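Student: coords please:
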Amino acid sequence: MKRDKATVRYTILFILILMIFLQFGCTTVKQQFKDVSQKTKKAFAEEEEQKPPVPEASENQGFVVNINNFLPVKTTPSGESKIIGRLYLGDKVAIDREQEQWCYVTRIDEESTTQLEGWVKKRYVEKLTSHEQTAGSMIELTYMREEGSSTPVKEDDKHEDMKTRTKLEGAAAGAVTGAVVGGVVGKAVGDDAAKGAVIGGVVGAAAGYAAGSYVAGQKEKYANDEEYLNAAIEEAARYNLAARQHNDTLQKVIAATEKEIKVLKYKITDISLKQNRAQVNVRALTKISQETEQRIARLQGLVDAQEKAISDISKDTPHLKKLQSEMQITRDRIQDLKEKRNQLETLMGEMAEQTV
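Tutor: Numbers count the residues shown, from 1 in each chain. Here you go, the predicted model:
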């Protein structure tokens, strides 16, 4: 009986000791987890602190211009101060303040792992307007400026009551074409083909809608052939002028792109900076190429609509030859734009090579 009581006491004592041990052990484990968690949070915080701050939106932004090699970034506004970095042609910067011939800038590159800021000679930094600050690259800025200086072309609003069916047919056809083109572009810039097809489909639909609108518009009868021809000549001349201006813009964009590729290939040694900048350029070129494709589709739609409309007009009708002349100019403009678009796509491929 005494042995049984002793056994019970020992058992109870053992259980108490075990419970104390378990309680102590759990507390220790919890503390260890807590310590690890705190250390992890601290490590993440330190890592975030080490990341360069992205410059805040500034009312004053600019691009580096008029340099053949690089623009030295200095610690103080003095030619004798230490050089802490380099800016290259086309780099976008936020301008913090100015002092005589100098300005304090921060390179705008949200994806870069290193931030660069300091003093540079302000004659090499061209300030941007509030509208131009949306440009991500010098290529896009060139396009924006040239397009903005072109004479705006007002859409013909005579066909507000066009049949919805014809519009949708044109949009559907354009979406299919745009999806194919977009898939190719998407692959070129490193995105998946599906995303490129969606983007291309949107652009293609807009182009198809325009073409459909022209075809639908010619279904409405003018008072007579002479009235139609006068209106058609005026419309064709207006769009031919816009096409010529866009072609001139593309020529300047091509020249800017060729220069940018040389900068990326031979002057910028920072791999991360080169890749990020090339990606921005590819996005800009993709957008420009898509807009050019849309213009081509609109012009082709215009020619198709006019050809259909004049098919039953007598050859002796006054002004018919004038319209046919304008239509030939439109075809030439289309060919010019196609050639420029092909040049852009070739350069886009070269630019994409700098992203890897």
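Student: which strands and helices sit next to the longest strand that the chain contains?
Tutor: Using DSSP state E to define each element, the chain has its longest strand at strand 92-99. With contacts taken as 3 or more CB pairs under 8 Å, 6 or more residues apart in numbering; DSSP states H and E, strand 92-99 sits against strand 61-64, strand 102-107, strand 125-127. Yep, even glycine has a C-beta here, placed from its N, CA and C like the rest.
Student: Send over the following helix or strand past the last one as PDB, restricted to the C-alpha atoms.
Tutor: Once strand 125-127 ends, the next helix or strand along the chain (criterion: DSSP states H and E) is helix 138-149. C-alpha atoms of helix 138-149 as PDB (Å, rounded to 0.1, in the frame of the first residue of the first chain):
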ATOM      1  CA  MET A 138      13.900  61.100 -75.600                       C
ATOM      2  CA  ILE A 139      12.300  59.000 -78.400                       C
ATOM      3  CA  GLU A 140       8.800  59.500 -77.100                       C
ATOM      4  CA  LEU A 141       9.500  63.200 -76.500                       C
ATOM      5  CA  THR A 142      10.600  63.600 -80.100                       C
ATOM      6  CA  TYR A 143       7.400  62.000 -81.200                       C
ATOM      7  CA  MET A 144       5.200  64.000 -78.900                       C
ATOM      8  CA  ARG A 145       6.800  67.300 -79.900                       C
ATOM      9  CA  GLU A 146       6.600  66.600 -83.600                       C
ATOM     10  CA  GLU A 147       3.000  65.300 -83.500                       C
ATOM     11  CA  GLY A 148       2.000  68.300 -81.300                       C
ATOM     12  CA  SER A 149       3.400  70.700 -83.800                       C
END
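Student: Buried ones in helix 138-149, by neighbour count?
Tutor: 138-146 (16 or more other CB atoms under 10 Å).
Student: Next: stretch 232-245.
Tutor: Buried residues in stretch 232-245 (16+ other CB under 10 Å): 232-233, 235-236, 239-240, 242-245.
Student: Closest one to Thr292 out of these, please.
Tutor: Closest to Thr292 out of the buried residues of stretch 232-245 is Ala243 (10.2 Å), distances taken as CB to CB.
Student: so what's the closest one scoring on pLDDT?
Tutor: In this model, Ala243 is scored at 94, pLDDT.
Student: That one is in what secondary structure piece?
Tutor: helix 225-266.
Student: Secondary structure class of the residue lying closest to Lys338 once chain neighbours are set aside, three-state.
Tutor: Once flanking residues are discounted, Lys338 sits nearest to Ile296: 6.3 Å by CB to CB, 6 or more residues apart in numbering. Here Ile296 is recorded as helix under DSSP: H, G, I helix; E, B strand; the rest coil.
Student: same deal with the one 5 residues further on?
Tutor: At Gly301 the chain is in helix, as set by three-state DSSP.
Student: Can you redo the buried residues of helix 138-149 as TSV, where the extra columns are distance to Leu13 and pLDDT?
Tutor: What follows is these, written out as TSV (distance: CB to CB, whole Å; pLDDT from 0 to 100):
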residue	distance to Leu13	pLDDT
Met138	83	90
Ile139	83	91
Glu140	81	92
Leu141	84	90
Thr142	87	91
Tyr143	86	92
Met144	85	91
Arg145	89	88
Glu146	92	88
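Student: Tell me the one of the residues you listed nearest Val282?
Tutor: Ile139 (9.6 Å).
Student: Would you confirm that that closest one contacts Val282?
Tutor: No - if you go by CB atoms under 8 Å, Ile139 and Val282 don't touch, sitting 9.6 Å apart.
Student: ok, back up a step: the longest strand of the chain pairs with which strands?
Tutor: Take DSSP bridges as the rule and strand 92-99 pairs in its sheet with strand 61-64 (antiparallel), strand 102-107 (antiparallel).
Student: In contact with Ala256: list those residues for me.
Tutor: Listed by CB atoms under 8 Å, 6 or more residues apart in numbering, the contact partners of Ala256 are 138-139, 142.
Student: Domain parsing of the chain, as residue ranges.
Tutor: 61-129, 135-353 (automatic domain parsing).
Student: that older thread, now the buried residues of stretch 232-245 as JSON lines including distance to Arg277?
Tutor: As requested, the buried residues of stretch 232-245 are exported to JSON lines (distance: CB to CB, whole Å):
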{"residue": "Ala232", "distance to Arg277": "46"}
{"residue": "Ile233", "distance to Arg277": "46"}
{"residue": "Glu235", "distance to Arg277": "41"}
{"residue": "Ala236", "distance to Arg277": "41"}
{"residue": "Tyr239", "distance to Arg277": "35"}
{"residue": "Asn240", "distance to Arg277": "36"}
{"residue": "Ala242", "distance to Arg277": "31"}
{"residue": "Ala243", "distance to Arg277": "31"}
{"residue": "Arg244", "distance to Arg277": "31"}
{"residue": "Gln245", "distance to Arg277": "28"}
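Student: In which helix or strand does the closest residue to Ala243 other than its chain neighbours reside?
Tutor: Of all residues not flanking Ala243 in the chain, Arg333 sits nearest, at 3.8 Å (CB to CB, 6+ apart). Using DSSP H and E, Arg333 maps to helix 320-353.
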